[in-house]
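[1] next input, structure requested:
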Amino acid sequence: MTNNPNDDLTHFDDTGASRMVDVGSKPVTVRTAIAQGEITMQPETWSRINSGQISKGNVFEVARLAGIMAAKKTSDLIPLCHLLPLEAVKIEFVSQPPSTIVIRATVKTTAKTGVEMEALTAATVCALTIYDMTKAIDRGMTLGPFCLLEKTGGVRGDFLQSFDRNPPHDI
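    Residues are numbered from 1 along each chain as shown. This next block holds a predicted model:
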């Protein structure tokens, strides 16, 4: 898979008008995408999250559910995304002392278009949920970077993120 910036932008027609891409003639294939993001906070906030000392409940489980729900609702949030029948959404968290939580979202479908946006949306909403649940003790948290790590399936082939530009933490 190449990442050619000169490839056609298929969300626009010849006149520059927005459009939803017609995937009708594309083959149905198994497609997966893995996205990753981070949220960084004060060490005390990180410690409280990891020790279960947040009064609103288990931050990781609420964020996991929010990420799964977000993946399922991506087409409601991103105007030109197709509604896809998701077969699996997996959310993983890795706490990196002293103050970072890495979020990895894996999404799978068997369809005519990929699930990159669903994985990216899931990871981002997980981070937003962590922020929301802990903002009372730490409003200075930062979110990002977020990136697509990998995608499989489809006519363009597989994609694996090269880490030669601002790599995310490896988990």
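
[2] what about the helices in the protein?
    In the chain, the helices defined using DSSP state H lie at 43-50, 59-72, 74-77, 116-134.

[3] single out the most deeply packed of those helices.
    Among the helices of the chain, helix 116-134 has the highest mean neighbour count (mean count of other CB atoms under 10 Å), at a mean of 24. C-beta coordinates here come from the backbone N, C-alpha and C atoms, glycine included.

[4] now the angle between helix 59-72 and that one, please.
    Our comparison of helix 116-134 with helix 59-72, counting by axes from the mean of the first three to the mean of the last three CA atoms, to 10 degrees, yields an angle of 150 degrees.

[5] in terms of secondary structure, what does helix 116-134 contact?
    If you count contacts as 3 or more CB pairs under 8 Å, 6 or more residues apart in numbering; DSSP states H and E, helix 116-134 packs onto strand 29-40, helix 43-50, helix 59-72, helix 74-77, strand 86-96, strand 100-111, strand 142-143, strand 147-152.

[6] got CSV for those, with mean pLDDT and distance to G16 too?
    Converted to CSV, these look like this (pLDDT from 0 to 100; distance: least, CB to CB, whole Å):
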stretch, mean pLDDT, distance to G16
strand 29-40, 97, 28
helix 43-50, 98, 45
helix 59-72, 98, 30
helix 74-77, 97, 23
strand 86-96, 98, 32
strand 100-111, 98, 28
strand 142-143, 98, 32
strand 147-152, 97, 26
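
[7] what's the closest of the ones you listed to V23?
    Among the helices and strands packed on helix 116-134, the nearest to V23 by CB to CB is strand 100-111 (8.3 Å).

[8] what angle do the closest one and helix 116-134 make?
    Going by the same axes, to 10 degrees, strand 100-111 makes 140 degrees with helix 116-134.

[9] now for strand 100-111, which elements pack on it?
    strand 29-40, helix 43-50, helix 59-72, strand 86-96, helix 116-134.
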